[in-house]
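**Student:** my questions are about this predicted structure, shown below with the sequence.
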Amino acid sequence: MARPRFLRIPFSDDIHRVLLAMWAGRVCLSGPLGTRRSSARVERTRSSLVELSLTKLSTIWAIAFVGIITGSQAGFTQNVLFSQNTPTATSAAVVSASVLANDPTVPISTAPSVVGPVLMGPALESPVGPVPTEAGVGESTTTLEFGGDPEVADESAESSFSMPTLGGSGTWSDCLILYSWRIQRCVSDDECRLLDARNFCLVQGSYALCRERLKQEVQRAQLPPMRGHAVVLLHGLATTRYHMAALGKYLEKNGDYVVINVSYATTRADIEQHAQAVSEVIAGLPDLERIDFVAHSMGNIVLRRFFSDDLKRSGGRVDPRYGRCVMLGPPNQGARAAEMLRDNPLFEKTFGQSAEQLGAKWGEVRNTLAVPPIPFAVIAGGTGNQFGFNLLLPGDDDGVVRIDEAHLEGEAAFKRVPVLHSLLPQSVDVHRLVLRFLQTGTF
């Protein structure tokens, strides 16, 4: 007998399988009359379900899942899977001297790193774009300068080191992106660190300390300011920036974009904190001529909160550089899948406050979000019938988000594609649709 549709989902759709396992846990932990079983039996059942889920997942996905539960950095899986294709240079930035000398934020660029063999990793052997070396017009050749801070001298002597990391996203969020470097802030204690193209930590400590070390790297590289057309990418829940890497590479190759692939600690903070991290990165982009946005899943909710905060700060004025926005699998009306798991303790421990805000606490979050104040389109996964990919969800869906939940009033275009939720950023068809809308405003 053929298995039900939701059990025939491709193996790589790990998030969907985890959700199904959690749903099964909710059912199994209830008695036949709705009463709770004994605590000892509950713990045994829960342990069995977790063990079964990990057995069913591939080894790499299992390690990633355990990493999320224990609070370790979730970037390990993506580093393993995409180490040969990671467009590290794509996630880049350029810094204006006037901004970096007086402002804790920086603009972003995709020029390749030219800092020498020490910082050059395999991901940078194929540069994504040229670095201007000849004099141009006006201030375009101004090299980047930082104001020195003598207070960090002693700290620098003790805290400067170079060691490999997993790239963050477990507890670290980007707050500054410059070429192949990133300064990340820990969401739990506000400590910062500077990573290079290989995800090696060059220094860890205060933000001032990281900026001082970055100053040294920038001055040695003689990097110029940048102008151009950028696209900001935001990944979804329980993933990292590497989940958007294929899309970023496509947009850079076919659209000549400056790709700003932001990473944030999705499972260790709430929507408001994620939006603040995005604001900090985007605030450092004064030299860019245009900024488009592409977000996946919960990244769209973070983006809507960013727009809401941005409009409040500017008194309702929309930044004229903001162009268009594409939403991939957005839970714009909340997520029924998250609501179904509201009573499962494993769900909250695994996916954190953000997941709760998409489900049980959606009513509190909804009023803090803004409809994008720029032309935007929605791309949602589905089968085209009333069953969808997940039989546990009513109506058509992509396995996690229902079609009805993806729609948002004011959308300029909508497209359904037969792609599962977590595979939307990897779909070539989706890549083409995203580029078409960013360039033309229609599908």
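**Tutor:** Yep, that arrived.
**Student:** which parts of the stretch 101-250 of the chain are helices?
**Tutor:** Ranges of helices in the stretch 101-250 of the chain, per DSSP state H, counting those that start in this stretch, are 153-159, 207-221, 245-255.
**Student:** looking at the ones you listed, which is nearest to Tyr179?
**Tutor:** Closest to Tyr179 of those, according to CB to CB: helix 207-221, at 7.5 Å. Quick note: C-beta positions are derived from backbone N, CA and C, even for glycine.
**Student:** in the closest one, what's buried?
**Tutor:** 207, 209-215, 217-218, 221 (16 or more other CB atoms under 10 Å).
**Student:** just the pLDDT for Ser162.
**Tutor:** For Ser162, the pLDDT comes out at 80.
**Student:** just put the buried residues of helix 207-221 in a markdown table and tack on distance to Arg182.
**Tutor:** Formatted as a markdown table, the buried residues of helix 207-221 follow (distance: CB to CB, whole Å):
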| residue | distance to Arg182 |
| --- | --- |
| Tyr207 | 13 |
| Leu209 | 15 |
| Cys210 | 10 |
| Arg211 | 12 |
| Glu212 | 16 |
| Arg213 | 12 |
| Leu214 | 10 |
| Lys215 | 15 |
| Glu217 | 12 |
| Val218 | 13 |
| Ala221 | 15 |
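**Student:** where's the dip in pLDDT among those?
**Tutor:** Taking those together, the minimum pLDDT is found at Val218 (83).
**Student:** would you agree that one is in contact with Leu176?
**Tutor:** No - judged on CB atoms under 8 Å, Val218 makes no contact with Leu176 at a distance of 11.5 Å.
**Student:** returning to that earlier point: a markdown table for the helices of the stretch 101-250 of the chain, including distance to Gly388?
**Tutor:** Formatted as a markdown table, these follow (distance: least, CB to CB, whole Å):
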| stretch | distance to Gly388 |
| --- | --- |
| helix 153-159 | 51 |
| helix 207-221 | 45 |
| helix 245-255 | 23 |
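**Student:** who does the residue nearest to Met244 when sequence neighbours are not counted form a beta bridge with?
**Tutor:** Nearest non-adjacent residue to Met244, counting by CB to CB, 6 or more residues apart in numbering: Leu233, 4.3 Å away. Beta-bridge pairing for Leu233 (DSSP bridges): Asn261, Val294.
**Student:** quick one, what contacts Leu233?
**Tutor:** Leu233 makes contacts with 241, 244, 247-248, 259-262, 294-295, as judged by CB atoms under 8 Å, 6 or more residues apart in numbering.
**Student:** mind redoing it with 6 Å?
**Tutor:** Counting by CB atoms under 6 Å, 6 or more residues apart in numbering, Leu233 touches 244, 248, 261, 294.
**Student:** now Leu369. Nearest residue, chain neighbours left out?
**Tutor:** Arg304 (4.1 Å).
**Student:** assign that neighbour to helix, strand or coil.
**Tutor:** Here Arg304 is helix, with the state taken from DSSP: H, G, I helix; E, B strand; the rest coil.
**Student:** state the pLDDT value of it.
**Tutor:** According to the prediction, Arg304 has pLDDT 98.
**Student:** how many neighbours does it have?
**Tutor:** By other CB atoms under 10 Å, 26 other residues sit near Arg304.
**Student:** distance check, it against Ser173.
**Tutor:** As for Arg304, its distance to Ser173 is 18 Å (criterion: CB to CB, to the nearest Å).
**Student:** for Ala265, same thing?
**Tutor:** Taken as CB to CB, the span from Ala265 to Ser173 is 5 Å.
**Student:** and for Arg268?
**Tutor:** Distance from Arg268 to Ser173, counting by CB to CB: 9 Å.
**Student:** one step back: of the contacts of Leu233, closest to Glu348?
**Tutor:** If you rank the contacts of Leu233 by distance to Glu348 using CB to CB, Met244 comes first, at 25.5 Å.
**Student:** which residues touch that closest one?
**Tutor:** 233, 235, 261, 425.
**Student:** backbone phi and psi for Gly382, please?
**Tutor:** phi 180, psi 170 (degrees, to the nearest 10).
**Student:** that one - nearest residue in space that isn't next to it in sequence?
**Tutor:** Asp396 (4.1 Å).
**Student:** contacting residues around that neighbour?
**Tutor:** 382, 388, 403.
**Student:** closest one to Leu369 out of the residues you listed, please.
**Tutor:** Closest approach between the contacts of Asp396 and Leu369, by CB to CB: Ile403, at 19.4 Å.
**Student:** list the contacts of the closest one.
**Tutor:** Applying CB under 6 Å, 6+ apart, we find Ile403 in contact with 380, 382, 396.
**Student:** repeat the analysis, applying 8 Å as the threshold.
**Tutor:** Contact partners of Ile403, counting by CB under 8 Å, 6+ apart, are 380, 382, 388, 395-397, 416.
**Student:** isn't Met327 up against Ala377?
**Tutor:** Yes - Met327 is in contact with Ala377 according to CB under 8 Å; the separation is 7.0 Å.
**Student:** compare neighbour counts for those two and give me the winner.
**Tutor:** Applying other CB under 10 Å to Met327 and Ala377 shows that Met327 carries more neighbours, namely 27 against 24.
**Student:** next SSE after the helix or strand harbouring that one?
**Tutor:** With secondary structure defined by DSSP states H and E, Met327 is part of strand 322-328. Using DSSP H and E, the helix or strand that follows strand 322-328 towards the C-terminus is helix 336-340.
**Student:** with just CA atoms, put that following helix into CSV.
**Tutor:** Output in CSV follows, covering the C-alpha atoms of helix 336-340 (Å, rounded to 0.1, in the frame of the first residue of the first chain):
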residue,chain,number,x,y,z
ARG,A,336,-0.8,27.0,11.3
ALA,A,337,2.1,24.5,11.5
ALA,A,338,3.6,26.4,14.4
GLU,A,339,0.2,26.8,16.1
MET,A,340,-0.3,23.1,16.0
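**Student:** list the contacts of it.
**Tutor:** Helix 336-340 has contacts (CB under 8 Å, 6+ apart) with 19, 23, 26, 331, 347, 355-356, 358-360, 362, 390, 392-394, 400-402, 405.
**Student:** so for it, mean pLDDT?
**Tutor:** 94.
**Student:** cool, stretch 224-234 as well?
**Tutor:** 87.
**Student:** where does pLDDT dip in the protein?
**Tutor:** Scanning the chain for pLDDT under 70 picks out 1-161, 169, 225-226.
**Student:** hey, where'd the strands end up in it?
**Tutor:** 160-164, 172-178, 181-186, 192-195, 200-205, 229-234, 258-262, 290-296, 322-328, 376-381, 413-417 (DSSP state E).
**Student:** okay if I get the ones you listed as JSON lines plus distance to Ala338?
**Tutor:** Formatted as JSON lines, these follow (distance: least, CB to CB, whole Å):
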{"stretch": "strand 160-164", "distance to Ala338": "34"}
{"stretch": "strand 172-178", "distance to Ala338": "21"}
{"stretch": "strand 181-186", "distance to Ala338": "26"}
{"stretch": "strand 192-195", "distance to Ala338": "31"}
{"stretch": "strand 200-205", "distance to Ala338": "34"}
{"stretch": "strand 229-234", "distance to Ala338": "18"}
{"stretch": "strand 258-262", "distance to Ala338": "22"}
{"stretch": "strand 290-296", "distance to Ala338": "16"}
{"stretch": "strand 322-328", "distance to Ala338": "17"}
{"stretch": "strand 376-381", "distance to Ala338": "17"}
{"stretch": "strand 413-417", "distance to Ala338": "21"}
